[in-house]
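# A structural model of the following input is requested.
(one chain, ligands or ions: 1)
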Amino acid sequence: MPTRYVESSRLPTAWGVFDIHGFDDLEANKEHVVLTMGDVGDGEPVLARVHSECLTGDALFSLRCDCGNQLEAALKAIAEEGRGALFYLRQEGRGIGLLNKIRAYKLQDAGADTVEANEQLGFGADMRDYSVLKPMLEHLKIKQVRLMTNNPRKVAALESAGVAITERIPLRTDSNPHNEKYLQTKGSKLGHFFGH
Ligand SMILES: Nc1nc2c(ncn2[C@@H]2O[C@H](COP(=O)(O)OP(=O)(O)OP(=O)(O)O)[C@@H](O)[C@H]2O)c(=O)[nH]1
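Prediction:
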């Protein structure tokens with residue numbers, strides 16, 4: 001059973017009330033959460049965001065990435081519609097974890113891009129596994145989504161979880177001097193979409 005999510009002072013209370021659902025991912029030994037608003041299990045397309053954990057961007061306001069701004073923009077869009085779901089997956093650092101992401105930042109400060117830094121640490125460019133989405137979507141009875149993302153892998157992941165993507169909604173936020181190269185590399189090397 002979901003319980004009420006109490007918004008932080010960073011989210012305007014005018015956005016309304018989200019429910020929070022917890023999911024145990026026993027295989028990966030992770031705990032994920034989903035914030036929902038409204039009736040998401042009625043079979044109609046659900047405005048949705050699959051967001052990967054980024055402690056530095058989401059909680060510590062780092063400008064090195066676009067994560068915090070995207071999280072806020074997605075919650076706002078859901079609140080404006082009064083219905084939707086935000087899947088917050090514990091896949092810190094594109095799946096390499098927080099400490100390795102910090103190591104990768106050091107390599108980026110020395111000139112590597114975000115993909116090269118992962119490779120220099122012995123990881124693939126993107127180590128995320130989205131298989132946990134299937135039981136979460138089934139539990140919430142979500143069958144169709146309008147997905148807020150620039151990432152083609154997330155579109156594929158949801159499709160393979162058996163969900164129809166009725167629309168992909170780009171989620172661009174303003175760049176800054178600290179994340180410009182990172183955003184460029186996501187476009188050139190990770191295939192992120194830039195437009196509709
Ligand atoms: N390894 C690594 N991970 C990073 C770096 N910068 C941000 N991240 C992680 O990248 C992930 C970004 O997640 P999302 O914003 O959900 O996804 P995305 O792939 O950018 O796709 P969108 O849906 O278009 O935002 C988070 O897990 C961040 O911690 C980096 O330089 N190196």
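# interface residues of this structure facing the ligand?
Within the chain, the positions near the ligand by Cβ under 6 Å from any ligand atom are 51-54, 65, 67, 70, 91-94, 96, 101, 104, 114, 118, 149-151, 154, 171, 182, 192. Just so you know, the C-beta spots here come from the backbone N, C-alpha and C atoms, and that holds for glycine as well.
# Out of the residues you listed, which end up buried?
If you count burial by 16 or more other Cβ atoms under 10 Å, the buried members of the residues of the chain next to the ligand come out as 51-54, 65, 67, 70, 91-94, 96, 101, 104, 114, 118, 149-151, 154, 171, 182, 192.
# among those residues, which are in helices?
67, 70, 101, 104, 114, 118, 154, 182 (DSSP state H).
# would TSV of those with pLDDT be doable?
Supplementary listing: those in TSV, determined by pLDDT from 0 to 100:
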residue	pLDDT
67	96
70	95
101	98
104	98
114	96
118	98
154	97
182	91
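# what's around the spatially closest residue to residue 176 that is not a sequence neighbour, how many residues?
With sequence-adjacent residues excluded and distances taken as Cβ to Cβ, 6 or more residues apart in numbering, residue 176 is closest to residue 63, at 5.2 Å. The local packing of residue 63 (other Cβ atoms under 10 Å) involves 14 other residues.
# Need the phi and psi values for residue 63.
The phi/psi pair for residue 63 (degrees, to the nearest 10) reads phi -100, psi 10.
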